[in-house]
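*Asks:* sequence unknown, structure follows:
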């Protein structure tokens, strides 16, 4: 049974990886094995944050406090790992740029093979290049990053999907789940109206997580204060006919939504033109728009889902995806 030290700061999504590692016969040690409490401030830290926000007009200082707490929690977990004196066949890291260097260095010393996967473009995670010498391979999900940073140990790979039950009733016509920004808020508000003009009976669930910087309200959107966990997100996707994808400006890699859609057989509306280059693209399943021009949308929605060749789909399934990462 191959042993893996798994390091990923986002436990919400990490739990899904851990579940499927175990289902596929891997022995897993999860470094961040509980929700990180670094956002829970002491009374002194609360006063510190108030002082900086009110008297120094620094609304970003809160993130410095969070980072200090994260480092403190991380060092405690590292000490526990060191005490166990374990060795691993692989260390698999996701978003290594967010992990302190002392953790990466120690993981390297106890792992036969060290691999990182960047599921965000290097434009927002370039620090991973500082750790290049510690990894056998760094995988990126945007092909352009490999071209833009020659000389580094980079290789491109897509996102994947986790094989889950798909035998559910698709009771939601359209869904989106994401963090609120002004651009997303405006796009989804407008799209809601366009879809309702096509059919007032459409069930449209657009979830946006509020934050202190983007707190607009719309009766058309479902504004939530706490993020949905990834399991809930998958359940919503599974019950949806058409997923909405809003590309981040910083990169062209395909989000997890595209690969969830392969498993759940969802259609997708997106502004990511790079999907045209993928072997699972079909115009009956994926509608590309700039979210200003919706010519052909009604025709797209009227067509049935085009069944993609199973041999194409299984390439992106977690079990095959992780074998490509660990054994090539």
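*Replies:* Okay, I see it. Computed from a prediction, not measured in an experiment: that's the story for all the values here.
*Asks:* Could you use CA atoms for every contact and neighbour count after this?
*Replies:* Fine.
*Asks:* roughly how far apart are the closest residue to residue 99 other than its chain neighbours and residue 31?
*Replies:* Residue nearest to residue 99 in three dimensions, not counting chain neighbours: residue 9, with 7.5 Å by Cα to Cα, 6 or more residues apart in numbering. As judged by Cα to Cα, to the nearest Å, residue 9 and residue 31 stand 9 Å apart.
*Asks:* Kindly report the same for residue 85.
*Replies:* The value you get for residue 85 to residue 31, if Cα to Cα is used, is 14 Å.
*Asks:* which of these two has more neighbours?
*Replies:* residue 31 (20 against 8; other Cα atoms under 10 Å).
*Asks:* Could you give the number of residues near residue 32?
*Replies:* Considering only other Cα under 10 Å, residue 32 is surrounded by 18 other residues.
*Asks:* my read: residue 11 touches residue 33, true?
*Replies:* Yes - taking Cα atoms under 8 Å as the contact criterion, residue 11 and residue 33 are neighbours in contact, 7.3 Å apart.
*Asks:* quick one: which of those two has more around it?
*Replies:* More neighbours sit around residue 11 than around the other of residue 11 and residue 33, counting by other Cα under 10 Å; the figures are 20 against 16.
*Asks:* Now that one. Nearest residue, chain neighbours left out?
*Replies:* Nearest in space to residue 11, with sequence neighbours left out and distances taken as Cα to Cα, 6+ apart, is residue 35 at 6.2 Å.
*Asks:* And the pLDDT at the one you found?
*Replies:* Residue 35 is assigned a predicted lDDT (pLDDT) of 82.
*Asks:* lowest-pLDDT helix or strand in the chain?
*Replies:* Averaged element by element with mean pLDDT, DSSP states H and E, the chain has its least confident helix or strand at helix 43-54 (a mean of 83).
*Asks:* what's that helix in contact with?
*Replies:* Outside of helix 43-54, the residues that reach it under the criterion Cα atoms under 8 Å, 6 or more residues apart in numbering are 58, 59, 61, 62, 65.
*Asks:* Distance check, the closest residue to residue 243 other than its chain neighbours against residue 79.
*Replies:* Excluding the flanking residues, the one nearest residue 243 by Cα to Cα, 6+ apart is residue 268, at 4.7 Å. Look at residue 268 and residue 79: by Cα to Cα, they are 45 Å apart.
*Asks:* neighbour count winner among these two?
*Replies:* Neighbours of residue 268 and residue 79, each counted by other Cα under 10 Å, are more numerous for residue 268; the result is 23 against 11.
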